[in-house]
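Trainee: got a predicted model here, sequence first, then my questions.
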Amino acid sequence: MDCLFCAIIEGAIPSKKVYEDEFSYAFLDINPQAPVHCLVVPKKHISSIDEVSEDNRDTVSGVLLAIPKIAKLLGLEGGYRVISNVGEDGCQSVKHLHFHILGGKKLPETMA
């Protein structure tokens, strides 16, 4: 299997699962950048936001609809940040669409 996240979804690589539904799988990041750092990925392989299309819009909207549910499960009542990196310049390290949910503290306004 070439895709790390596909292997995690299939259970070939262990993860700390937070949530799963028909469209999405969410697990804790192994290198957290905030007190709460969760990754939400579509179960269907989509390389990045650049690959979102009419053909996969149900999958992508299912993932986006899951994010507030996951944030609530994680106790992020004060707010949270959602990030998706795209391409090399965007520092996308795994070529499978994924959304980072970051929270658990007041986050800085700038990313620099």
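Mentor: Perfect, thanks for sending it. Predicted model only: the values in this text are computed from it and were never measured.
Trainee: rest of the way, CA atoms for contacts and neighbours
Mentor: Fine.
Trainee: which parts of the protein are helices?
Mentor: Assigned by DSSP state H, the helices in the chain fall at 4-10, 57-73.
Trainee: mind putting those into a markdown table with distance to residue 26, mean pLDDT and mean neighbour count?
Mentor: Converted to a markdown table, the helices of the chain look like this (distance: least, CA to CA, whole Å; pLDDT from 0 to 100; neighbours: other CA atoms under 10 Å):
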| stretch | distance to residue 26 | mean pLDDT | mean neighbour count |
| --- | --- | --- | --- |
| helix 4-10 | 9 | 95 | 17 |
| helix 57-73 | 8 | 98 | 16 |
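Trainee: rebuild the ones you listed as JSON lines, extending it with distance to residue 17.
Mentor: What follows is these, written out as JSON lines (distance: least, CA to CA, whole Å):
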{"stretch": "helix 4-10", "distance to residue 17": "9"}
{"stretch": "helix 57-73", "distance to residue 17": "11"}
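Trainee: which of those helices sits closest to residue 101?
Mentor: helix 57-73 (7.4 Å; CA to CA).
Trainee: quick one: that closest one to chain centroid distance?
Mentor: Its chain's average C-alpha position is 9 Å from that of helix 57-73, according to CA atoms, centre = their mean, to the nearest Å.
Trainee: name the helices or strands packed onto it?
Mentor: Judged by 3 or more CA pairs under 8 Å, 6 or more residues apart in numbering; DSSP states H and E, helix 57-73 is in contact with strand 17-20, strand 24-28, strand 36-42.
Trainee: what do you get if the cut-off is 10 Å, keeping everything else the same?
Mentor: When contacts are defined as 3 or more CA pairs under 10 Å, 6 or more residues apart in numbering; DSSP states H and E, helix 57-73 packs onto strand 17-20, strand 24-28, strand 36-42, strand 80-83, strand 99-103.
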